[in-house]
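> any chance you can model this:
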Amino acid sequence: MRAIPLTVTAVTAVAAALALTACNGSGSSSSGKNSSACEIGKVSVQVGSASVAPAAGDTGEVPVSITNQSAPCTLDGFAGVTLKAGGTSAAVGAQSGAKSVQLKLAKGDSATFSISYVRGKDGDKASLAATSLTVSLPGGDATESFPWKYGAVAGKGAAEKPNASVGAFQQAGD
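Here you go, the predicted model:
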């Protein structure tokens with residue numbers, strides 16, 4: 001008869017362990033989506049004064065600032081950036097070797113990241129004559145568009161593969 005209480009105890013322990021792993025840190029059931037991710041619409045996004053690449057082959061930097069306008073949120077990963085020219089859209093990848101850090105932003109806190117690019121030759125088929133950039137935040141689907149006024153972006157063999165990259169988020173301010 002001793003085998004039954006041990007079996008029940010083992011089953012109870014396994015059930016308790018499974019119940020605990022189904023909860024997030026607040027003790028509520030997790031939906032799988034990061035509900036604390038910063039979202040466009042709840043943060044303000046601004047494209048700052050750029051260090052513009054003056055001539056083809058030069059490198060430029062475009063800073064982007066995010067300020068939380070709502071409840072505390074988290075930036076975890078890299079911003080999504082797409083350059084657009086007419087009907088062509090080109091995704092910009094993360095900087096080679098860059099490591100993302102998780103940043104928690106309270107209401108009023110800010111973070112920045114930069115877009116590095118190589119200026120292309122105007123009219124060159126291998127350059128993207130970008131007219132706008134679209135930004136999305138990790139963990140969300142919403143986007144915000146801004147004018148691109150920094151000239152053509154050199155392509156890596158083709159205009160659809162811009163010679164540009166997105167840097168990691170950095171805490172701004174104090």
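
> which residues of this structure fall in helices?
3-21 (DSSP state H).

> any stretches of it with poor pLDDT?
Residue ranges of the chain with pLDDT under 70: 1-35, 174.

> what ranges does it have for its strands?
Along the chain, the segments classed as strands by DSSP state E run 43-47, 59-68, 73-76, 80-85, 88-92, 102-105, 110-118, 127-128, 132-136, 143-147, 153-154, 164-166, 170-172.

> turn these into a markdown table, columns for mean neighbour count and distance to Ser36.
Backbone N, C-alpha and C define where each C-beta goes, glycine included. Shown next, in a markdown table, are the strands of the chain (neighbours: other C-beta atoms under 10 Å; distance: least, C-beta to C-beta, whole Å):
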| stretch | mean neighbour count | distance to Ser36 |
| --- | --- | --- |
| strand 43-47 | 17 | 13 |
| strand 59-68 | 19 | 11 |
| strand 73-76 | 22 | 5 |
| strand 80-85 | 20 | 18 |
| strand 88-92 | 16 | 25 |
| strand 102-105 | 17 | 8 |
| strand 110-118 | 22 | 14 |
| strand 127-128 | 25 | 35 |
| strand 132-136 | 19 | 17 |
| strand 143-147 | 13 | 20 |
| strand 153-154 | 25 | 34 |
| strand 164-166 | 22 | 22 |
| strand 170-172 | 14 | 17 |
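
> got TSV for those, with distance to Ala53 too?
Shown next, in TSV, are the strands of the chain (distance: least, C-beta to C-beta, whole Å):
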stretch	distance to Ala53
strand 43-47	15
strand 59-68	3
strand 73-76	27
strand 80-85	14
strand 88-92	15
strand 102-105	28
strand 110-118	7
strand 127-128	12
strand 132-136	15
strand 143-147	17
strand 153-154	9
strand 164-166	11
strand 170-172	22
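
> who wins for proximity to Ala37 among these?
Of all the strands of the chain, it is strand 73-76 that lies closest to Ala37, at 5.9 Å by C-beta to C-beta.

> my guess is Leu75 contacts Gly140. True?
No. Applying C-beta atoms under 8 Å as the test, Leu75 and Gly140 come out as separate, 10.3 Å apart.

> which neighbours do the two share?
Taking C-beta atoms under 8 Å, 6 or more residues apart in numbering as the criterion, Leu75 and Gly140 both touch Ala37, Cys38.
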